[in-house]
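Trainee: Mind looking at a prediction? Sequence and model below.
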Amino acid sequence: MKENNYKAHFALFGANLIYGANFLIAKGVMPNKIGPSALVLLRIIAAGFLFWIVKQFVKEKVEKNDFILLAFCGLFGISTNMLLFFHGLSLTSPIDASIIITTTPVIVLVLSVFILKEKITTNKYIGILIGGIGAVLLIIYGKSAEGTSSFQGNLFVFMNACSYGLYLVLVKPLMKKYKAITVISWVFLFGLIFVFPFGINDLLNTDFSAFTTNTYLAITFVIIGTTFLTYLFNIYALNFVSPSVNGSYIYLQPVLSFIMVSIYAYAMGHKEYAQDINIIKILSCFLVIIGVFLISKKPKKKLI
């Protein structure tokens, strides 16, 4: 059992390492090599195809009444989420994006209060306030920041986190009712329907002849690694560790992003990223992490 726990933690670290690298790798090909909408369309087609292959081994029917909710999950969890994220990332710093994405648990809690009528504790109120201050500080700072930061890009990434947070709330009853692979397969199918009109022109206008080997490798990483492998890693880990442990690994993403951007800027000579690391971003990162920690912390049980 201990060996399985180690494997689960290794899988979670691997998933978040991929997420952390995605901020830098995806930005490296957008928009000079491929447009954000085209990359999203490719990602959904390829990953969705892989999910449906796996789905063939899971025979499970979905009730007709649940297709409407699945469609909304596809709208907010796939199409809106990914389009806002990749367009935002193409405009802003990988560090900014990684910090803002970490606010997702804060957004999920806020939406759960309004939609699912979940109760909220004092610690969670404080966590929402602190995490919110960190996110707003970073978004506003994007207006005047040097380097690759951008107010518009930061705002898009924050809207992406809101869309994904709404998806996590909406998908919760479906995950309790059906197997995860059934839900995610249908969600990707509906996501493809919504994204297709936005991405097809972008994809057709892409100059694939200008792609290098590194471009193909980067796009493959985004399509296969960031979508398909991370999903499998997370599902595997949930068999051996609690959802709260799984969720706590989100703290790694901005840390890994800071490290990778530092290496990219200073060791590999990409000086345009050097100014992306400063005290404001470090402060914002700490505020968001503290906020997420407070809302994730379970209240102590009273002894009777």
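Mentor: Structure received. Residues are numbered from 1 along each chain as shown.
Trainee: How about Phe86: what's its closest non-neighbour residue?
Mentor: Pro36 (3.8 Å; Cβ to Cβ, 6 or more residues apart in numbering). Just so you know, the C-beta spots here come from the backbone N, C-alpha and C atoms, and that holds for glycine as well.
Trainee: Ignore what I typed, I meant Gly48.
Mentor: Distances taken as Cβ to Cβ, 6+ apart place Phe188 nearest to Gly48, at 3.7 Å, with adjacent residues excluded.
Trainee: Tell me how many other residues crowd that neighbour.
Mentor: 26 (other Cβ atoms under 10 Å).
Trainee: Could I get the contacting residues of it?
Mentor: Ile44, Ala47, Gly48, Phe51, Trp52, Gly74, Ile78 (Cβ atoms under 8 Å, 6 or more residues apart in numbering).
Trainee: Select only the buried ones of those residues in PyMOL?
Mentor: If you want just the buried ones from those in PyMOL, going by 16 or more other Cβ atoms under 10 Å, the selection is:
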select buried, resi 44+47+48+51+74+78
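Trainee: Kindly indicate which of the contacts of Phe188 lies nearest Ala210.
Mentor: Set against Ala210, the nearest of the contacts of Phe188 by Cβ to Cβ is Ile44 (22.9 Å).
Trainee: That closest one contacts Ile193, correct?
Mentor: No. Taking contacts as Cβ atoms under 8 Å, Ile44 lies outside contact range of Ile193: 9.7 Å.
Trainee: quick one on the thing from earlier: can I get the contacts of Phe188 in TSV with distance to Gln152, pLDDT and secondary structure?
Mentor: Formatted as TSV, the contacts of Phe188 follow (distance: Cβ to Cβ, whole Å; pLDDT from 0 to 100; DSSP: H, G, I helix; E, B strand; the rest coil):
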residue	distance to Gln152	pLDDT	secondary structure
Ile44	24	94	helix
Ala47	27	90	helix
Gly48	29	93	helix
Phe51	32	92	helix
Trp52	35	94	helix
Gly74	26	95	helix
Ile78	22	93	helix
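Trainee: Name the nearest of the contacts of Phe188 relative to Ala8.
Mentor: For the contacts of Phe188, the minimum distance to Ala8 (Cβ to Cβ) is 21.4 Å, reached by Phe51.
Trainee: Helix or strand: which one has the closest residue to the closest one other than its chain neighbours?
Mentor: By the measure of Cβ to Cβ, 6+ apart, the closest residue to Phe51 outside its immediate chain neighbours is Ser185, 4.6 Å from it. If you go by DSSP states H and E, Ser185 is part of helix 180-204.
Trainee: Counting neighbours, what do you get for the nearest residue in space to Thr103 that is not next to it in sequence?
Mentor: Nearest-residue entry for Thr103: Ala135, 4.7 Å, with adjacent residues in sequence omitted and distances by Cβ to Cβ, 6+ apart. Look at Ala135: counted by other Cβ under 10 Å, it has 25 neighbours.
Trainee: Please apply the same query to the one 4 residues further on.
Mentor: One way to gauge burial is a neighbour count; for Ile139, by other Cβ under 10 Å, it gives 23.
Trainee: Next up, the contacts around it.
Mentor: Applying Cβ under 8 Å, 6+ apart, we find Ile139 in contact with Ile100, Phe151, Asn154, Leu155, Phe158.
Trainee: roughly how far apart are the second one and Leu138?
Mentor: Here the distance between Phe151 and Leu138 works out to 10 Å (Cβ to Cβ, to the nearest Å).
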